[in-house]
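Undergrad: Predicted coordinates and the sequence they were generated for:
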Amino acid sequence: MERFGEFSTETASEKEKILIETASIVKANPNHPDYTADKAVAKAVNKYSGLIAALDGVGSGGPDSAKAAEILQQDLVKIEINNPPTINEGINYLKTTILRASEKIKRLQEEIRDPNVDTTVSAGMVCLSPNHEKYFLVTVNVGDSRVYRYNLNNQSLQQLTRDHSFVQELVDKGIIPPEKAFYHPKRNIITRSVGSIENAEEIDVNVTEIQDGDIFFAVSDGVTDNIKPESLPFAIKSEIENAYDSKGKINLKKFITGISQRAINIQTETQAPHAKPDDICIAALRVEPKYNRKI
């Protein structure tokens, strides 16, 4: 799925036309190809903004957790904003949507009598400064799905969200170094999920000014638990290079398809001790044309 939306701002130099481009992909766990608990959102919120999200139904909830992820996915898809969202407005829209879905998931847990039915979420929305001269990505997250920024100019990869997980707490307390977290036997344990939160303060927020050359993508742990942290920057760089078309434009869907296939290959074709069969979802976003030139 790829979505596009055009807008121009009154204060931008020469009223530069901006294009929001998004794409998403979801792949089922090879152990249960009949359904996926991962869901993705990639859409234009309006002609001024775009939204991406990765949702991962909690594994212990089985197929019912796919329903939990779908509840939040549907609420995110419904977000429509008439005017360019400011940073505060973007935060409010995202937090309100997550809290509304949290209440629905709690009711689902009660109906099926299973408190393990739940989902994670990481989401990003393009927002503007009050004077419409600068663009930001507002990210929110609950759980261990992540949002990353990759910059084409300096080929740098930055994780914009912080995991709510057992191993992240160990890292924060200095019990284990960050490089050991990926290999920890309890790396799959999360400490926060959408159906467990009680208030907006439990939803983490990050605000990042969009720079020339930025590509943002939200992913579930089906990607980050299979592609090693030290390998992820190279994988991103390689798949971006593979995604350029004959006109020097990046095919965003081809890029995320390449990343997802790398994670699938690790799950199904290698004997790597860290390989983890899991669903995969990726949602990517970039702003055109300023941020779409081959470096």
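TA: Perfect, thanks for sending it.

Undergrad: what helices or strands is whichever strand or helix holds residue 92 leaning on?
TA: Following DSSP states H and E, one finds residue 92 within helix 87-112. On a contact count with 3 or more CB pairs under 8 Å, 6 or more residues apart in numbering; DSSP states H and E, helix 87-112 meets helix 63-77, strand 119-128, strand 135-142, strand 204-209. For every residue, glycine as well, the C-beta is placed using N, CA and C.

Undergrad: Including mean pLDDT, mean neighbour count and distance to residue 257, could the ones you listed go into JSON lines?
TA: Below are those laid out as JSON lines (pLDDT from 0 to 100; neighbours: other CB atoms under 10 Å; distance: least, CB to CB, whole Å):
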{"stretch": "helix 63-77", "mean pLDDT": "95", "mean neighbour count": "21", "distance to residue 257": "20"}
{"stretch": "strand 119-128", "mean pLDDT": "96", "mean neighbour count": "28", "distance to residue 257": "20"}
{"stretch": "strand 135-142", "mean pLDDT": "96", "mean neighbour count": "25", "distance to residue 257": "22"}
{"stretch": "strand 204-209", "mean pLDDT": "97", "mean neighbour count": "15", "distance to residue 257": "25"}
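
Undergrad: ranges for the helices of the protein?
TA: Along the chain, the stretches classed as helices by DSSP state H are 63-77, 87-112, 166-172, 178-181, 221-224, 232-242, 252-269.

Undergrad: and the angle for the longest one with strand 204-209?
TA: So the one you mean is helix 87-112. 150 degrees (axes from the mean of the first three to the mean of the last three CA atoms, to 10 degrees).

Undergrad: model confidence over helix 87-112, on average?
TA: Averaged across helix 87-112, the pLDDT comes to 97.

Undergrad: and it, which residues are buried?
TA: The neighbour-count check on helix 87-112 (16 or more other CB atoms under 10 Å) flags 87, 89-91, 93-95, 97-99, 101-102, 104-106, 108-109 as buried.

Undergrad: Can you tell me how far residue 110 is from residue 100?
TA: Using CB to CB, to the nearest Å, residue 110 is found at 17 Å from residue 100.

Undergrad: Contacts only, for residue 236.
TA: Residues in contact with residue 236, defined by CB atoms under 8 Å, 6 or more residues apart in numbering, are 148, 150, 157, 259.

Undergrad: Pipe the residues you listed into CSV and attach pLDDT and distance to residue 278 per row.
TA: Below are the contacts of residue 236 laid out as CSV (pLDDT from 0 to 100; distance: CB to CB, whole Å):
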residue, pLDDT, distance to residue 278
148, 98, 18
150, 97, 22
157, 97, 21
259, 98, 14
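
Undergrad: which one of the residues you listed is nearest residue 218?
TA: Comparing the contacts of residue 236 against residue 218 with CB to CB places residue 148 closest, at 7.9 Å.

Undergrad: does that closest one really touch residue 224, like I thought?
TA: No: counting by CB atoms under 8 Å, residue 148 does not reach residue 224; the two are 9.0 Å apart.

Undergrad: who has more neighbours, the two?
TA: The residue with more neighbours, out of residue 148 and residue 224, is residue 148; 24 against 21, by other CB atoms under 10 Å.

Undergrad: Tell me how far the nearest residue to residue 166 once chain neighbours are set aside lies from residue 72.
TA: Among residues not flanking residue 166 along the chain, residue 189 sits closest, at 4.0 Å (CB to CB, 6 or more residues apart in numbering). Remark: distance between residue 189 and residue 72 (CB to CB) = 21 Å.

Undergrad: Over to residue 100?
TA: Residue 100 is 9 Å from residue 72, where distance means CB to CB.

Undergrad: Between the two, which contacts overlap?
TA: Among the neighbours of residue 100, none is also in contact with residue 72 (CB under 8 Å, 6+ apart).

Undergrad: What number of residues are in the vicinity of the residue nearest to residue 152 when sequence neighbours are not counted?
TA: Spatial nearest neighbour of residue 152, chain neighbours left out: residue 213 (3.7 Å); criterion: CB to CB, 6+ apart. For residue 213, the neighbour count with other CB under 10 Å is 19.

Undergrad: ok, residue 213 touching residue 155?
TA: No: look at residue 213 against residue 155 with CB under 8 Å: they stay out of range, at 9.2 Å.
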